[in-house]
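**Q** this is the structure alone, sequence omitted:
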């Protein structure tokens, strides 16, 4: 437990000293639920936020966002203790490997991020220990809380019920309904509906924009979830358990217990998540972190199941083997865990927006938003609609969205049009909204054709018109006013007709956009090109800051014929350099039949 305590302390320190926020979405939202639950007790009945996690997190959230990591660190200890008790009873001298193996990549990530998966693992570990010590009613009572921690209970409770029946513990089965009965009654009194648990289930609907993926998604990413050492040791343990069932021994009941209540839930939960992600149903987003719920099961299978193999070794060799696997797991977690050693692009952009909203007394105004991180950065209560209404509380059928004159609305490209249901075009072209400021930056992993930047725009609800000025930057039909660099590139072409570009990077135009005080510019690029057979070409727009960091990458793949693209470019800081260049892989040529670049500047 001292080892587990040191690892738990390390997780808390990691969260405190990380420059970035581990999870700017769900992690921050869970913190906000726990932080403001005392002011809004109804939040304790929100099934998406997981009522038990919200309740336990209340005192920790008052410390700040890092308090949720402290809660998870304690839950990590609460998970290790029963697992160590079970493994030590089976194979003395192996218990200390449990906390090391628990440092699987995804488990460390959700622990530091303040996510709910850790609570589910802690409860299931205690259920297994209580069953092993034949405290049936206590086990059933604890298991009854699982539906209010994570939806993965559906992959565990059926095996639990079958085990109770097989062991003749029928009198304890009614206790599995304890949590549901209590929550139904409490919620029924508040909501005046005893069936509220069925009606408000957060995962009963399909969310189309979440998409769908391969059925083998989680299997392919198994190493990113559990790490290779834990997977190898779990495979050894699983094989040993399966082989042992063919031999009658005093350990047969214990082996069957591990297979039915630890190994089987791993396969069941993996299958369920794989199925709904493949089908694109039940609000699945293909997140790897949901599989952190199976890792305590997997650790038990790894250590407990491999006990027959380990017992054949001397105590010293056994310890060395487990130490090796534990250290390898730690190294694997270090290399594979996805923690923000630097602040992410969305976090940087939203911090800039929050700084703007805090200036000039804007923070005193009513601000509508969809991003939980913006509420977190502004230290606002997103459940107080009198000051911070969320997008899903707006009146979407009204042109003014139900906002009063002077109210602000902060739109972001990640949640605004999807969960929030408000498209940017609606705010841009509605006369009742005035654009105050915008920010746009692209994540490096989205530097490819079709990749979109992360955008945030702040609007004010006021009936003041806006003005758009159109400026033509390049018109190929007006040869005399083309930039000299472009005329030289076109003249240098050795093939007829004269209007062609030749070479891998035949033309790059810097500082194309005029410098002015426009709040937003839209650059429209349209043209017509001709390519040789089998040739390809691309038109690329980039933005780079004064330090040489790339902020934006917009690529248009060209084919024979006309093309058109539009770029939305909010007001930029000093020192940002834009560049528009042509890219012809292999150094071929293209005929430039038409090119027109215009800018629509809004002020």
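**A** Thanks, I have it. Nothing here was measured: the structure is a model prediction, and the numbers come from that model.
**Q** okay, now residue 259: neighbour count?
**A** 18 (other C-beta atoms under 10 Å). Bear in mind the C-beta positions are built from the backbone N, C-alpha and C, glycine included.
**Q** now do the contacts for the spatially closest residue to it that is not a sequence neighbour.
**A** Using C-beta to C-beta, 6 or more residues apart in numbering and skipping residues adjacent in sequence, the residue nearest residue 259 is residue 241, 5.3 Å away. Residue 241 makes contact with 255, 258-259, 263, 301, 305 under the criterion C-beta atoms under 8 Å, 6 or more residues apart in numbering.
**Q** same thing but at 10 Å, please
**A** Residue 241 makes contact with 251, 254-259, 262-263, 301, 304-308, according to C-beta atoms under 10 Å, 6 or more residues apart in numbering.
**Q** of all those residues, which comes closest to residue 37?
**A** residue 262 (33.2 Å; C-beta to C-beta).
**Q** now that closest one: how far from residue 125?
**A** 10 Å (C-beta to C-beta, to the nearest Å).
**Q** common neighbours of those two, please.
**A** What both residue 262 and residue 125 touch, as defined by C-beta under 10 Å, 6+ apart, is the set 83, 86, 296-297, 299-300.
**Q** so residue 551: helix, strand or coil?
**A** Here residue 551 is strand, with the state taken from DSSP: H, G, I helix; E, B strand; the rest coil.
**Q** correct me if wrong: it contacts residue 541.
**A** No. With contact defined as C-beta atoms under 10 Å, residue 551 does not count as touching residue 541 (11.2 Å).
**Q** find residues that contact each of the two.
**A** Here residue 551 and residue 541 have residue 578 as joint contacts, going by C-beta under 10 Å, 6+ apart.
**Q** which residues in the stretch 251-400 of the chain form helices?
**A** Taking DSSP state H, counting those that start in this stretch, the helices of the stretch 251-400 of the chain run over residues 252-258, 264-279, 295-305, 307-311, 315-336, 345-358, 372-378.
**Q** and the fourth one, what does it pack against?
**A** I take that to be helix 307-311. Packed against helix 307-311, as judged by 3 or more C-beta pairs under 10 Å, 6 or more residues apart in numbering; DSSP states H and E, are the following elements: helix 66-90, helix 228-244, helix 252-258, helix 315-336.
**Q** how about CSV for those helices, with mean pLDDT and distance to residue 56 added?
**A** CSV is the format used below for the helices and strands packed on helix 307-311 (pLDDT from 0 to 100; distance: least, C-beta to C-beta, whole Å):
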stretch, mean pLDDT, distance to residue 56
helix 66-90, 94, 6
helix 228-244, 88, 27
helix 252-258, 88, 28
helix 315-336, 79, 25
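**Q** looking at those helices, which is buried most?
**A** helix 66-90 (a mean of 23; mean count of other C-beta atoms under 10 Å).
**Q** now do it: distance to the chain's middle.
**A** In this view, helix 66-90 has its centroid 25 Å away from the chain centroid, taken as C-alpha atoms, centre = their mean, to the nearest Å.
**Q** now, which of the shared contacts of residue 262 and residue 125 sits nearest residue 376?
**A** Nearest to residue 376 among the shared contacts of residue 262 and residue 125, with distances taken as C-beta to C-beta, is residue 296, at 29.2 Å.
**Q** what's near enough to touch that closest one?
**A** 76, 79-80, 82-83, 98, 101-102, 104, 107, 117-118, 120-125, 128, 262, 265-266.
**Q** which one is it nearest to, not counting chain neighbours?
**A** residue 121 (4.1 Å).
**Q** how far away is that neighbour from residue 179?
**A** For residue 121, the distance to residue 179 - C-beta to C-beta - is 17 Å.
**Q** neighbour count: the two, which is higher?
**A** Neighbour tally, residue 121 and residue 179, criterion other C-beta under 10 Å: the higher count belongs to residue 121, 30 against 22.
**Q** quick one: list the elements packing against the helix or strand containing that one.
**A** Using DSSP states H and E, the element containing residue 121 is helix 117-132. When contacts are defined as 3+ C-beta pairs under 10 Å, 6+ apart, helix 117-132 sits against helix 51-61, helix 66-90, helix 105-113, helix 136-143, helix 157-166, helix 252-258, helix 295-305.
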